[in-house]
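In: From the sequence below, what's the structure:
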Amino acid sequence: MNSVKLHPGDAFPAIELTDASGAFRDLSKPAEGLDWILIVIYRGRHCPLCTRYLNALEARRGELAEMGVDLVAASGDSTEQLASHRQQLDVNFPLYHGLRLEQMQQLGVYVSDPRSPQETDHPFSEPALFVVNEHGRLHVVDVSNNPFVRPDIPTLVKGLRWIRDPENNYPIRGTRRDR
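Out: This next block holds a predicted model:
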């Protein structure tokens, strides 16, 4: 499977997914009243580390919103898997499901096959995190190949606060591609 590698400064691709109610959303667009969006791609219901990470993000949702940052999460799980996972989650931010292999490739995430039918019934994305600024450009990119490596949430939020502070005039980092 070939996939692109999204680079800081690139336009975030339009990725349309559905929530538990069946409503569609383009994940590249923040919710009304917010101008940035933090998109968390998670492995799915079968991953207890994902459940913990999503629950920990909920504790920072208000802080992110105060900075103008929307928060959403998405996986390749089915409608039924998302409904089952919601019982383990204590989150109020939108969760989307049905991330297809082609969309995973668009995002440049690592994809794994399940170890057994008990784990899950479909290829799934390994964790990734994308922060898209008010211009639709990737400001922060973090892609992992396993569930044990993810941004520390307090550090991430503190960093986003720094980036969003106009006095810091902090540019998108990592845009040089000539090496």
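In: in this protein, which spans are strands?
Out: For the chain, applying DSSP state E gives strands covering 16-18, 24-26, 36-41, 69-74, 95-96, 111-112, 124-125, 128-132, 138-143.
In: Packing partners of the fourth one?
Out: With contacts defined as 3 or more CB pairs under 8 Å, 6 or more residues apart in numbering; DSSP states H and E, strand 69-74 has these neighbours: strand 36-41, helix 48-58, helix 61-66, strand 95-96. Where C-beta positions appear, they are placed from N, C-alpha and C, glycine not excepted.
In: Which residue, other than its chain neighbours, is closest to residue 121?
Out: Excluding the flanking residues, the one nearest residue 121 by CB to CB, 6 or more residues apart in numbering is residue 114, at 6.9 Å.
In: Same list, the strands of the chain, but as CSV with mean neighbour count, distance to residue 172 and mean pLDDT please.
Out: Converted to CSV, those look like this (neighbours: other CB atoms under 10 Å; distance: least, CB to CB, whole Å; pLDDT from 0 to 100):
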stretch, mean neighbour count, distance to residue 172, mean pLDDT
strand 16-18, 16, 25, 92
strand 24-26, 12, 21, 92
strand 36-41, 24, 12, 97
strand 69-74, 23, 15, 96
strand 95-96, 22, 25, 94
strand 111-112, 16, 26, 85
strand 124-125, 24, 23, 84
strand 128-132, 23, 10, 97
strand 138-143, 20, 5, 96
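In: Distance to residue 163 added to the helices and strands packed on strand 69-74, as TSV?
Out: As requested, these are arranged in TSV below (distance: least, CB to CB, whole Å):
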stretch	distance to residue 163
strand 36-41	9
helix 48-58	18
helix 61-66	12
strand 95-96	25
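In: among these, which is nearest residue 77?
Out: Residue 77 lies closest to strand 95-96 among the helices and strands packed on strand 69-74, at 9.0 Å (CB to CB).
In: Sheet partners, orientation included, of the closest one?
Out: For strand 95-96, the paired strands and their directions (DSSP bridges) read strand 69-74 (parallel).
In: what pairs with the residue most central in space within the chain across the strands?
Out: What sits nearest the mean C-alpha location of the chain, by CA atoms, centre = their mean, is residue 40, with 1.6 Å. Residue 40 forms beta bridges with residue 73, residue 129, as assigned by DSSP bridges.
In: so what's it up against?
Out: By CB atoms under 8 Å, 6 or more residues apart in numbering, the contact list for residue 40 reads 53-54, 57, 71-74, 127-129.
In: how near is the residue nearest to residue 121 to residue 122?
Out: 7 Å (CB to CB, to the nearest Å).
In: Likewise for residue 4?
Out: Distance, residue 4 to residue 122, using CB to CB: 21 Å.
In: Give the buried residues for stretch 73-90.
Out: For stretch 73-90, burial by neighbour count (16 or more other CB atoms under 10 Å) applies to 73-78, 81-82, 85, 89.
In: Cool, thanks, talk later.
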